[in-house]
Structures are given as structure tokens and as C-alpha cells.
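>>> this is a predicted model, with the sequence first.
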Amino acid sequence: MSSSPVIVIGSGVAGWTTVREFRKLDAHTPVVLVTTDSGDFYAKPTLSNAYAQKRGPAQLVTTPAAKMAETLQVTLMDHARAESLDTSARTLTVRQGDVAQTLGYRQLVLATGAHPIRIPLQGDAADRVRSINTLDDFAGFHAALGVDATVPGSGEGKTVVVMGAGLIGCEFANDLALAGVQVHVADPAARPLAALLPADAGEQLQAALSGLGVQWHFGTSVASVNADANGKLLATLADGSTLPADLVLSAIGLRADTALALAAGLACERGVLVNTRLETSAADVYALGDCAQYESAGQRTLPYVMPVMTAARALAATLAGTPTDVVFPLMPVSIKTPALPIVVAAAHPATAGQWEAEGGEGAWRFVDSAGQQRGFVLAGKSTARRMEMAKLTVA
């Protein structure tokens, strides 16, 4: 074995979990972790329900970076950027402040995550539209909104316009509404989570969030954002209506961060292409998490925590010398909308079929042309049927 390190790029759940699982198998190989932020460990899903948890940005950190690095015997390069990857020379050039250095690697892991999709907007305050994809993003949003998560109802008098009624948009809408914030959600679709839920389930979620005061603007989208003399924002929708707001939050989806991989000549589509062993098109370069497009998942990206944990365990074994295929089990996703808790096990997007109500209120199953159950949705009290429905589902 080479004395060169294993290099991991990215300090999200994918990066740190890979290191933790690797250390269970190999306590001696040097590990270098490169990250653009502090490297503090936190669970990214907590960003969209922090107010419900009565936790500010600092309270979302579960383990400081220094402690992670010490415990896992990692050389942490924080606030550093991976500038270039040379897969032939097996080197990575990293810039930290004004200093750039080139590191050799034994194996390299891309855990670079994803970036929020930003659509072009008109208006003199278009650059003030925020996205929340990292703890730093949430800290900036939290400070700008000025709502104390520890004080119930402290958001009264504040207004936030959310762009997008998908999973993240609905989670933030629920969380902000619980803090007393007036929330408007704009989306071109006809109902929330239109791409993920059957119509009846989407309508139930819409009603539940409306009960918290969330106001919906379907069939339209934010077209421009301007600021008034007092610095307040005015969002103008494509249908001509206007919404005064303290902040505008874009939550219209994520796009895999493939910039470094593409520059290095790696094969990429919606994400960095990886085979069943999470190998990219370059030898000894691997990818997982939000940046990866998995062969084992039918060439899908899987931007959820459970696939990351599954992939990290398999990859750690491979890095430690036991080549291991990743096998994804059925992994239902819990949507953090306490107004109406929802569990979704989505069928592969290419699967032809239809939704059917199943066994009473709050349960639906996705059935293919052969009559097999390929996915399901559970809402409200029916979420207790998660295990039962999972057993009936063909992945």
C-alpha cells in the first residue's frame, strides 16, 4: 500500500461519514479532508426545521471540526478550495488562503455535494434572494430575518416569500410558519410537492400548511425582486401580483456540484457517474452523496441521508482494500412538515404506473403496469404503517 493519503473533498454528511466508516476498518492510513467551510459536523436536514427545534445556527453543530479531526485522526484543511485534480499524476491542488499546494493521493473521494438552482430574476434586489444549503447559508438567513428560534411566536410581523413548493420549500414554509412568520409560497405547479405526491396527498398538505397561515400562489413564479427606500423587498410574480417581504428564499432544487470532476475529465451527467463500487471514470477516484449519479440506483442522484450512509459504508470497505458494491435498499424519506407528517418511497422515475388510494385515509401506493407496488406515500397517522408498506414494495 502507498503511504499517500486518502483525500476526501467535502465535509458534509457524505464526507465525514465516509471517514468515520473508513477509520473503523483502517486506523493508520493518512486521511486528508478538504472543505470550503469550517468542517463542523451537522445534519443538513436540520436546517429546514431549526425553528421547530428552537435551535439557532450554533446549536445545529453536533461536533466541532477540531473534535472530528482529532477523533478520526484526520488532517483537516478547512476554508480551502480544491482547485484542480490531475487523475493521471494522482494529485490534487488545494488553495488555502493565499497558499496553494499540490497533494498526492492513494485514493480520492468526491463528496462535493450540490448547489442550489438559481433562476434568473429581474429587479434591483435580485441578488438579495437567499438559498439555504449549508450551515453558513442558514446563519446568514437567521441573522437577516432576526427571528429568535428560542422564543415562540417571535416571527410575528415578519414575512418571507418562498420560491418553490417542493420538499425543501414546504419544510421551510412549515418551520417559518411555526415561528410566527407570514409565509407566501409561489410555484408554477398546481399544488405542493406535485412531482412527488399523488394529488390527494398534495392537497392534504396544502390544507394543513394553510391552517398555519401559509399562503399559496400556484401557477406562477417570482419574476422580479426590488427593494424600497427602507430596504424592504417587493417580489413581483409572473401573474403581476406583488408580495412585500422581509426576505425571499429560493428553494427550487439542487444541482450536483460537478465542476471539479468535469475539469478533471471525469464522466458526468446529472452528477458524477459512479459504478456499483462508487468508482468514477478515473482509477481510484470515487464519488458519493449529492454530487454522485449512482449506477446502483438506476442512474439516479439520491439527495437524501439514508443513501449517503449506505454508500459510505460500502465505499469505506473498498477504500480499506475490500472492493464492495453498494446495494441500496428501499429507503423511504420522511418529509419534515409536522403540520402533516409524510413518508415517501418514490418509484424510479422511469417506472410507468399510477397512484392508488390504499387502506383508508392517508395512504397511497404506486402500482406499475403489472400490478406490483413500486412506491408509496403515507400521511398523518398513516405514517405508522411505514414498515408494513415497505414490505409490500418492490424496489
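Received it, and whenever you're ready, just let me know what you need.
>>> give me the three-state assignment for the residue nearest to residue 215 when sequence neighbours are not counted.
Nearest residue to residue 215, sequence neighbours excluded (Cβ to Cβ, 6 or more residues apart in numbering): residue 184, at 4.9 Å. Quick note: C-beta positions are derived from backbone N, CA and C, even for glycine. Here residue 184 is recorded as strand under DSSP: H, G, I helix; E, B strand; the rest coil.
>>> tell me the confidence at residue 358?
For residue 358, the model assigns a pLDDT of 87.
>>> what do you get for residue 151?
According to the prediction, residue 151 has pLDDT 81.
>>> what's the helix or strand for it?
Using DSSP states H and E, residue 151 maps to neither a helix nor a strand.
>>> for residue 220, see how far away it is.
According to Cβ to Cβ, to the nearest Å, residue 151 stands 34 Å off from residue 220.
>>> ok, these two, which is more surrounded?
Per other Cβ atoms under 10 Å, whichever of residue 151 and residue 220 has more neighbours is residue 220, with 14 against 11.
>>> residues near the nearest residue to the more buried one once chain neighbours are set aside, how many?
Excluding its sequence neighbours, the residue lying closest to residue 220 (Cβ to Cβ, 6+ apart) is residue 239, at 4.3 Å. Residue 239 has 11 neighbours, counted by other Cβ under 10 Å.
>>> residue 360 too?
9.
>>> please name the nearest non-neighbouring residue to it.
The shortest distance from residue 360 to any non-neighbouring residue, by Cβ to Cβ, 6+ apart, is to residue 382 (7.5 Å).
>>> where does the one you found land in three-state SS?
Three-state assignment for residue 382 (three-state DSSP): helix.
>>> now do it against residue 182, distance only.
Between residue 382 and residue 182 the distance is 30 Å, computed by Cβ to Cβ.
>>> how about residue 141?
Counting by Cβ to Cβ, the gap from residue 141 to residue 182 is 16 Å.
>>> hey, where'd the helices end up in the stretch 1-150 of the chain?
13-25, 65-72, 135-145 (DSSP state H, counting those that start in this stretch).
>>> okay, the angle between the second one and helix 13-25?
Angular relation of helix 65-72 and helix 13-25 on a 0 to 180 degree scale: 30 degrees, by axes from the mean of the first three to the mean of the last three Cα atoms, to 10 degrees.
>>> middle-most residue in this protein, spatially?
residue 303 (5.3 Å; Cα atoms, centre = their mean).
>>> how about it, nearest residue that isn't a chain neighbour?
Closest to residue 303 by Cβ to Cβ, 6+ apart is residue 290, at 4.8 Å.
>>> for the one you found, give me its contacts.
Going by Cβ atoms under 8 Å, 6 or more residues apart in numbering, residue 290 touches 12, 14, 113, 114, 254, 256, 257, 271, 301, 303.
>>> and it, which of the three is it?
helix.
>>> mind listing what residue 279 touches?
Contact partners of residue 279, counting by Cβ under 8 Å, 6+ apart, are 285, 286.
>>> residues in a beta bridge with it, which ones?
Listed beta-bridge partners, residue 279: residue 286 (assigned using DSSP bridges).
>>> still on that earlier bit, filter the contacts of residue 290 down to the ones in strands?
Among the contacts of residue 290, the ones falling in strands (DSSP state E) are 114, 254, 256.
>>> just among those, which is most surrounded?
Neighbour counts for the ones in strands among the contacts of residue 290 peak at residue 256, which has 24 neighbours (criterion: other Cβ under 10 Å).
>>> and the nearest residue to that one once chain neighbours are set aside, what are its phi and psi?
Leaving aside its chain neighbours, residue 256 sits nearest to residue 271 (3.8 Å; criterion: Cβ to Cβ, 6+ apart). Residue 271 adopts backbone torsions of phi -150, psi -170, taken as degrees, to the nearest 10.
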